[in-house]
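**Student:** Sequence plus predicted model, see below.
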Amino acid sequence: MSATAKNSPTATSLEAAPALPAPAVVEAPSADSASGRPVHRYAPEAGVKMVDLLDGDTRRQINCLDHGFVALLDVMPRLVPAGHTADQAIVQAARVSYGAGTKKINEDRGLIRYLLRHRHTTPFEMVEFKFHVAMPIFIARQWIRHRTANVNEYSGRYSVMPDRFYRPTVEQVRKQSKSNRQGGGETFDLAADVNEKATAEAFVSFLEESEKLYEKYINLTEKGVSRELARIGLPVSLYTEWYWKIDLHNLLRFLSLRMDAHAQEEIQVFARAMFDLIRPMVPVTVEAFGDYEHGAVHLSKLEIEAMRSLVKGGSGELASDNKREQAEWQAKRAQLGL
């Protein structure tokens with residue numbers, strides 16, 4: 001690059017990668033080396049102390065529902081310079097640098113916020129998390145729709161399914177939502193309505209009866225029915241487990257949907273636990289996620305036009321005859337205090 005281009009205001013603002021330090025160790029190629037070339041091992045810069053983000057913990061776990069949990073098993077990067085977090089790997093990737101990022105932490109924070117705000121997502125893929133999760137099968141079926149992770153689930157073909165079922169309390173039984181075909185709405189009025197109380201109790205009793213199928217399942221497997229077939233009679237309230245590894249970018253997409261108030265309440269419990277576990281690993285990213293995504297209001301073109309109408313003294317009505325769009329716009333107006 002010429003001196004003129006280097007100093008031009010249109011030149012890239014990304015820092016050039018500095019020269020690598022001298023290797024701490026140069027290992028001769030092993031007898032079975034495929035490349036036949038020596039391995040250059042680089043130590044941290046002199047005086048730089050590396051710390052473990054998990055402080056040597058083998059897992060950090062938050063229990064969910066009655067028998068479930070979310071456990072953080074590992075994070076990449078695991079070792080970071082003292083005073084830094086995994087946010088550093090995002091900055092490093094964004095600057096295409098081998099160093100520890102900028103010298104000032106506040107500059108790194110500004111860069112991460114810029115990247116998230118403008119949806120430059122690739123640097124966030126440089127951070128990964130590995131979780132161990134136990135949840136009811138009906139939650140796992142929602143969860144697996146996020147096809148951006150590496151998953152290995154407990155197999156009912158090879159092993160006997162554990163005797164663990166999710167059963168909400170009578171107070172937790174929800175009615176079908178009147179505005180959302182997918183979801184549940186308010187809970188039943190147990191104190192003031194005898195019929196509603198009876199319905200909620202009947203549902204819990206129904207779950208209790210379905211759990212008794214487990215005894216038949218065990219009995220049939222002991223008589224020779226294959227585990228892969230015997231399991232199909234078990235209800236989806238049964239718990240399953242899996243290991244789930246995902247990068248930070250796709251994890252944020254998962255959390256933005258599953259921490260949303262419109263998500264099923266049970267999966268929100270797991271999403272919030274996961275959010276709490278990653279917060280100390282990437283605090284700057286989590287802060288930006290709250291400011292620009294999870295706690296933000298996104299407006300469509302029609303909604304922006306309605307906002308302009310309000311500013312000019314108009315009605316602020318949405319130019320759409322779609323009832324769902326109208327309801328969503330009214331909800332956003334309420335959130336914005338309009």
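**Tutor:** Done, it's in. Numbering: from 1, shown residues only.
**Student:** low-scoring stretches of the stretch 1-150 of the chain, by residue?
**Tutor:** Across the stretch 1-150 of the chain, the ranges flagged by pLDDT under 70 are 1-20, 97-106.
**Student:** and Asn152, what does it touch?
**Tutor:** Contacts of Asn152 were listed using Cβ atoms under 8 Å, 6 or more residues apart in numbering, and they are Trp242, Tyr243. C-beta here means a position set from N, CA and C on the backbone, and glycine is covered the same way.
**Student:** Compute the distance between it and Lys130, please.
**Tutor:** According to Cβ to Cβ, to the nearest Å, Asn152 and Lys130 sit 11 Å apart.
**Student:** got any residues that touch both of the two?
**Tutor:** Common neighbours of Asn152 and Lys130 (Cβ under 8 Å, 6+ apart) are Tyr243.
**Student:** Can you read off the backbone torsions of Arg253?
**Tutor:** Backbone geometry at Arg253, expressed as degrees, to the nearest 10, gives phi -60, psi -40.
**Student:** That one and Arg147 touch, don't they?
**Tutor:** No: here Arg253 does not reach Arg147: they are 11.0 Å apart, not a contact under Cβ atoms under 8 Å.
**Student:** quick one, helices of the stretch 51-200 of the chain?
**Tutor:** Taking DSSP state H, counting those that start in this stretch as the test, the helices found in the stretch 51-200 of the chain are 87-94, 105-117, 137-143, 194-211.
**Student:** domains of this protein?
**Tutor:** 50-152+242-294, 167-233, 301-336 (automatic domain parsing).
**Student:** out of those domains, deepest packed?
**Tutor:** Among those, domain 50-152+242-294 has the highest mean neighbour count (mean count of other Cβ atoms under 10 Å), at a mean of 17.
**Student:** How far off centre is that domain?
**Tutor:** Averaging C-alpha positions (Cα atoms, centre = their mean, to the nearest Å) puts domain 50-152+242-294 6 Å from its chain's average.
**Student:** Please report the distance of Ser210 from Leu251.
**Tutor:** The span separating Ser210 from Leu251 equals 33 Å under the rule Cβ to Cβ.
**Student:** What residues are bridge-paired with Asp52?
**Tutor:** Applying DSSP bridges to Asp52 gives these bridge partners: Leu79.
**Student:** Quick check, it in contact with Arg78.
**Tutor:** Yes: applying Cβ under 8 Å as the test, Asp52 and Arg78 come out as touching, 6.1 Å apart.
**Student:** Please name whichever of the domains of the chain is nearest to Val26.
**Tutor:** Each of the domains of the chain was checked against Val26 via Cβ to Cβ, and the shortest separation belongs to domain 50-152+242-294, namely 17.8 Å.
**Student:** Walking through the stretch 101-250 of the chain, point out its strands one by one.
**Tutor:** Taking DSSP state E, counting those that start in this stretch, the strands of the stretch 101-250 of the chain run over residues 128-136, 150-153, 174-176, 184-187, 239-247.
**Student:** of the ones you listed, which approaches His40 most closely?
**Tutor:** Nearest to His40 among these is strand 128-136; the distance by Cβ to Cβ comes to 24.8 Å.
**Student:** what residues does that closest one touch?
**Tutor:** Here strand 128-136 makes contact (Cβ under 8 Å, 6+ apart) with 59, 64-65, 67-76, 143, 164-166, 236-248, 251, 266-267, 270, 274, 277-278, 281.
**Student:** Can you check what angle separates that strand from helix 87-94?
**Tutor:** Using axes from the mean of the first three to the mean of the last three Cα atoms, to 10 degrees, the direction of strand 128-136 lies 130 degrees away from that of helix 87-94.
**Student:** Please consider this matter closed, and thank you.
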